[in-house]
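Undergrad: predicted model follows, preceded by the sequence.
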Amino acid sequence: MQSFRTEIENPIVEKDIIALEAKIREFKEGKLDEEKFRSLRLARGIYGQRQPGVQMIRIKLPYGKVSSNQLRRITDVSEEYSTGRLHITTRQDIQIHYVDIDRTPELWAQLDKDDITIREACGNTVRNVTASETAGIDVDEPFDVSPYAHALFQYFLRNPVSQEMGRKFKVSFSASDKDTGLSYMHDLGFIAKIENGVHGFKVLLGGGLGSQPRHADVLYSFLEAEKIIPLMEGVVRVFDRFGERKSRAKARLKFLLKDIGLDGFKQLLDEEQLAIPFATYPIDVDAYPKVQVAEPSEIPSVVIKDEKAFEQWKSTNLVPQKQEGYVAIGIKVLLGDFYIEKARALADLVEAYAAGELRLSLRQNILIPYVKEALVPFFYQELEKLGFAEAGYNKALDITACPGTDTCNLGIASSTGIAEELERVIRAEYPDYINNPDVVIKISGCMNACGQHNMAHIGFQGMSIRTKDKLVAPALQVLLGGGNFGNGEARFADKVIKIPSKRGPEALRLILDDFEAHGKNRSFEAYYEEKGQLYFYDFLKPLSEIDNLTADDFIDWGNTEKYEQAIGVGECAGVVIDLVATLLFDSEEKIETAKLNLEEEKWTASIYHAYSSMVNTAKALLTSEKTKVNTHVSIIKDFDSIFVASGKIALKASFEELVLQINKNKPSEEFAKGYLETAEAFLATAHTYRKLELSEI
């Protein structure tokens, strides 16, 4: 405890870490309910692994930007608390695995020394804000989206409106109309635009992947940049109040949009405007840190041993940069996994010869910006020493895959094993595809689509199959035809057929051979569109037969033992169902936080914590009545029906009138004080009722 206080400079982070340590202790002593503790640790980036007794820690790196100092800090932490392996995610985070939960507070304290957080990297929160990895250097961008992504990240970190939503909320920024930030599959997606000299964004709402992918709606064709943060606060407030909370399968924003429609959502958004503290939120772009490129005294001499390999690498791994005299270098990171020795060497390299920063990409790769063109041979030489000079950055050979059954509780079949095999097949049998940027292959270990398989040209989803003899083997769902068309337009892949996993390479061969024969001079999307889903089903159908499975078919990729389907409890945004006492205790904590916010003159935060306390208290009493508590709105209405209208609890007005003062008043000191008093009085009433209820049992 004392070490945290003396080492942490940021008092807000210090408070967070001390609170985490206390909650871990309470849980270990049996004073904190397991489900409540799970919710708390997930919001601190601590995720249960498939292996018992250890945790995965997700490190939140906004829009994938990481400095040399930060990368070195992450390697030190991984060496001390984990296994030394770093994993880049498809949301530009870094994950480390096999961490003892008792050591997570000190781990966080170490990360904070270089302004790195794990706060809200998991759980029912605003997740990492992602962006095009080329932001700031993109030859097609109208302006750099990095300052806007960073401002949004800062605004919602620890913001009370986004701490306990029904599920996660994902945001992206695209640097240009190419939409490399994938706006169409996000809860909120922003594409940079300029109209009449004004910076702004095309805004897309309600996209998502998973078992039921949904293409986002266009909310605004153009919205001024100073309005994006107030807009997102309104969207989050609506999602928090009206979004599903009990059924995890329906708890994303896309399902709320599906239920009430875009016009219905806009109406709810309008009703929240009075409560939002800012009509506009200007972002000081000039205050964003300027790039500082290293100026080495001389260009090191280099002797390229294999000119052909060097030219191949340059053709696939150099990314044009709008700053004259510079290029960016793409590093293909197999499955997003690399070890601390390479990371440290990379940090030193970019600090001495580039701009001292890296960008992690949505395809689990690394981009080095601001490399002087004259230094390209030297970088190639140094990257080759690290095993980071493989050609094929962002090309067909560059397959994306989630961790799957390696570490994830939800994994059904191996993602990493089949990905490695498919890359081997392409490298050996289809070498021309090392240069092909138009065939995107992605793999997920389950339907949750962390590997983004259902937006790929060729996608594979981990599944299982059962024979007539009730034997279970690992399987892959083959999906085809997805594609990103730019400017927020895209197509999700069709499910074509399910095959045993060991036949995945043969399926890829059949698809690529047919594409070679019938898809020449066309995009894969156009080829698939012409042929249609049934065409591919017919020629892949022989691979789906399961009467002729061999012993090898029952062993998953990367394994030696017989496959056993073992799906754990998913934590990737699990909804928490708490005990009544735990809920009421949580309401008390929210009241105390609201009081603290009031003292700090943070009116909006105080109001929202008071609101959360009242809804949480009502949820507690409804839980005791075994009433469904799916959404905040249903909680409010059901409480009136079951407790107020029946006379069980007497209030000055209906519960709905008391609670929904929140969106009928501007945030002010006077309203914040009165609203907090209302919340305190309601909690006291609930405690009295609960004591009486228990005495009668």
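TA: Sure, I can see it.
Undergrad: mean confidence score for the longest helix seen in the chain?
TA: If you go by DSSP state H, the chain has its longest helix at helix 669-695. What helix 669-695 shows for mean pLDDT is 93.
Undergrad: tell me which residues of it come out buried.
TA: Neighbour-count burial for helix 669-695 flags F671, A672, Y675, L676, T678, A679, E680, F682, L683, T685, A686, R690 (criterion: 16 or more other CB atoms under 10 Å). Yep, even glycine has a C-beta here, placed from its N, CA and C like the rest.
Undergrad: and the strand or helix carrying N484, what's buried?
TA: Element membership for N484 (DSSP states H and E) is strand 483-486. For strand 483-486, the buried set under the neighbour-count rule, 16+ other CB under 10 Å, comprises G483, N484.
Undergrad: tell me what it is packed against?
TA: If contacts are counted by 3 or more CB pairs under 8 Å, 6 or more residues apart in numbering; DSSP states H and E, strand 483-486 sits against strand 489-491, helix 524-531.
Undergrad: CA atoms only for that strand, dumped as CSV, please.
TA: Extracted C-alpha coordinates of strand 483-486, given in CSV (Å, rounded to 0.1, in the frame of the first residue of the first chain):
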residue,chain,number,x,y,z
GLY,A,483,-15.1,-6.6,-48.0
ASN,A,484,-14.5,-3.0,-47.1
PHE,A,485,-15.5,-0.7,-50.0
GLY,A,486,-14.5,2.6,-48.2
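Undergrad: phi, psi for the residue nearest to L256 when sequence neighbours are not counted please.
TA: Leaving aside its sequence neighbours, L256 sits nearest to G243 (CB to CB, 6 or more residues apart in numbering; 5.3 Å). For G243, the backbone dihedrals (degrees, to the nearest 10) come out as phi -70, psi 150.
Undergrad: wait, what's in contact with G243?
TA: Residues near G243 by CB atoms under 8 Å, 6 or more residues apart in numbering: M165, G166, R167, A251, R252, L253, F255, L256, T631.
Undergrad: cool, G64 as well?
TA: Listed by CB under 8 Å, 6+ apart, the contact set of G64 reads Q92, T130, A131, E133, R359, L360, S361, L362.
Undergrad: neighbour-wise, give me the winner out of these.
TA: In terms of neighbours by other CB atoms under 10 Å, the contacts of G64 top out with A131 at 32 neighbours.
Undergrad: in contact with it, which residues?
TA: Contacts of A131 (CB under 8 Å, 6+ apart): Y63, G64, Q92, V145, S146, A149, S172, F173, S174, A175, G181.
Undergrad: what's the answer for Y63, then?
TA: So Y63 contacts Q92, V129, T130, A131, A135, V145, S146, A149, H150, F153, F173, R359 (CB under 8 Å, 6+ apart).
Undergrad: in JSON lines: those, plus distance to L584, pLDDT and secondary structure.
TA: Below are the contacts of Y63 laid out as JSON lines (distance: CB to CB, whole Å; pLDDT from 0 to 100; DSSP: H, G, I helix; E, B strand; the rest coil):
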{"residue": "Q92", "distance to L584": "39", "pLDDT": "96", "secondary structure": "coil"}
{"residue": "V129", "distance to L584": "34", "pLDDT": "98", "secondary structure": "coil"}
{"residue": "T130", "distance to L584": "37", "pLDDT": "98", "secondary structure": "strand"}
{"residue": "A131", "distance to L584": "41", "pLDDT": "98", "secondary structure": "strand"}
{"residue": "A135", "distance to L584": "45", "pLDDT": "98", "secondary structure": "coil"}
{"residue": "V145", "distance to L584": "44", "pLDDT": "98", "secondary structure": "coil"}
{"residue": "S146", "distance to L584": "44", "pLDDT": "98", "secondary structure": "helix"}
{"residue": "A149", "distance to L584": "39", "pLDDT": "98", "secondary structure": "helix"}
{"residue": "H150", "distance to L584": "38", "pLDDT": "98", "secondary structure": "helix"}
{"residue": "F153", "distance to L584": "33", "pLDDT": "97", "secondary structure": "helix"}
{"residue": "F173", "distance to L584": "40", "pLDDT": "98", "secondary structure": "strand"}
{"residue": "R359", "distance to L584": "46", "pLDDT": "98", "secondary structure": "strand"}
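Undergrad: with respect to W603, which of these is nearest?
TA: F153 (22.7 Å; CB to CB).
Undergrad: how many other residues sit next to that closest one?
TA: 20.
Undergrad: ok, it - contacts?
TA: So F153 contacts P62, Y63, N128, V129 (CB under 8 Å, 6+ apart).
Undergrad: that older thread, strands paired with the strand holding N484, and their directions?
TA: Using DSSP bridges, the strands paired with strand 483-486 are strand 489-491 (antiparallel).
Undergrad: what angle separates the helix or strand just after the strand it pairs with from helix 524-531?
TA: Next helix or strand after strand 489-491 toward the C-terminus (DSSP H and E): strand 494-500. Following axes from the mean of the first three to the mean of the last three CA atoms, to 10 degrees, one obtains 90 degrees for the angle between strand 494-500 and helix 524-531.
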